[in-house]
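Q: next one to model:
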Amino acid sequence: MAALVAVMAACAGGKDAVDITKPVTGAEANNATRAYEKGLEEKKSQNYLEATRYFEWVRNNFPYSQYAALAELSLADMTYERDDYASAAAAYQDFVKSHPSHPKADYASFRVGLAHYQDRPSDFFLLPPSSEKDESPVKSALDALNRFVISYPKSEYITKARDLIHDCRERLAAHERYVANLRPTRSGAPRRPGTTPRTWPPRRPRCSVSSRKRPTIRGGATPRRGSSKSLRRLPLPHPRPRRRSTS
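A: Down below sits the predicted model:
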């Protein structure tokens, strides 16, 4: 959060720059509700520096108020709206850890995955395809969204989360195909199409019944089905009696 304050202060240079460290005065100074509502008004008017000043005031001076958590969530939302998705994901994650039973904990948990997803490589047509780039944000988004689905199965954001999970898997599968096609085969020949995974995570090949080792009998033959009974009826060699030595 200190990085958010520093960046916003740096971007607010000029004659009319707002000092977000300036104490709040007036009726909002001693009332968490009014200070929080004032911050929402400034946020709605896109006066993000003034909104940050009020939200930080609420969070620091009324830490046990219900508006402290809401102010923290609003600060994370403003970070997301500034397209700083990595910092927004961290802010949402901190909110979930600090307020796991909050009514908006599911919202914050969903936004963790959404922020990582928005941080994915660009698909701009003048640039290389996103499948050829680092997909670490997509992997982080998939992990965060899977945790959200498990933790909040009745959330109103569950449908959106599942759609994003499907898209993340498709992107990771495309990236895996791209990486696999770059690897030559053992003979050094190019890899044939259709030999790379189509899903994410790649499925392991299952062992077929025909490939399993079957028990063999003496001589190398493989017993057929139903031959266990016939094997039981085979005469077993009788042990030869020991000859007594004549002395």
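Q: tell me the contacts of Trp45?
A: Slight slip there: residue 45 is Ser, not Trp. By Cβ atoms under 8 Å, 6 or more residues apart in numbering, no residues touch Ser45. C-beta: built from backbone N, CA, C; applies to glycine.
Q: the helix ranked longest in the chain packs against which elements?
A: Longest helix in the chain by number of residues (criterion: DSSP state H): helix 158-182. For helix 158-182, the elements it packs on are helix 105-118, helix 136-151, judged by 3 or more Cβ pairs under 8 Å, 6 or more residues apart in numbering; DSSP states H and E.
Q: export those to CSV and tack on mean pLDDT?
A: Listed next are the helices and strands packed on helix 158-182 as CSV, based on pLDDT from 0 to 100:
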stretch, mean pLDDT
helix 105-118, 96
helix 136-151, 94
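Q: mind checking these for the one nearest to Phe55?
A: Closest to Phe55 of the helices and strands packed on helix 158-182, according to Cβ to Cβ: helix 105-118, at 15.1 Å.
Q: helix or strand with the lowest mean pLDDT in the protein?
A: helix 2-11 (a mean of 46; mean pLDDT, DSSP states H and E).
Q: ok, then the element right after it?
A: Later in the chain than helix 2-11, the nearest helix or strand by DSSP states H and E is helix 32-44.
Q: quick one: list the elements packing against that following helix.
A: Partner elements for helix 32-44 (3+ Cβ pairs under 8 Å, 6+ apart): helix 48-61, helix 66-81.
Q: and those helices, which one averages the lowest pLDDT?
A: For these, mean pLDDT drops lowest on helix 48-61, to a mean of 90.
Q: what residues sit buried inside that helix?
A: Tyr48, Leu49, Glu50, Ala51, Thr52, Arg53, Tyr54, Phe55, Glu56, Trp57, Val58, Arg59 (16 or more other Cβ atoms under 10 Å).
Q: in the longest helix of the chain, which residues are buried?
A: Quick answer for helix 158-182 (16+ other Cβ under 10 Å): 161, 164-165, 167-168, 171-178.
Q: quick one: least confident of those residues?
A: Scanning the buried residues of helix 158-182 for pLDDT, the low point is Tyr178. It has 60.
Q: how's this protein carved up into domains?
A: The chain breaks down by automatic domain parsing into domains covering 1-82, 85-183.
Q: relative to Ala69, how far out is Phe95?
A: 7 Å (Cβ to Cβ, to the nearest Å).
Q: hmm, I typed the wrong one, I wanted Tyr80.
A: 17 Å.
Q: next one: Arg53
A: For Arg53 relative to Ala69 (Cβ to Cβ), the value is 18 Å.
Q: same check, this time on Tyr107
A: For Tyr107 relative to Ala69 (Cβ to Cβ), the value is 12 Å.
Q: one more: Arg171?
A: In terms of Cβ to Cβ, Arg171 sits 33 Å off from Ala69.
Q: hang on, the earlier thing: angle of the longest helix of the chain against helix 136-151?
A: 140 degrees (axes from the mean of the first three to the mean of the last three Cα atoms, to 10 degrees).
Q: so helix 158-182 versus helix 105-118, what angle?
A: Relative orientation of helix 158-182 versus helix 105-118 (the same axes, to 10 degrees): 30 degrees.
Q: hang on, Ile158 packs against Tyr152?
A: Yes - the pair Ile158 / Tyr152 is scored as a contact, 7.1 Å apart, by Cβ atoms under 8 Å.
Q: what sits against Arg82?
A: Tyr48.
Q: for Asp94, see how far away it is.
A: Distance from Arg82 to Asp94, by Cβ to Cβ: 17 Å.
Q: ok, Leu145 next?
A: 18 Å.
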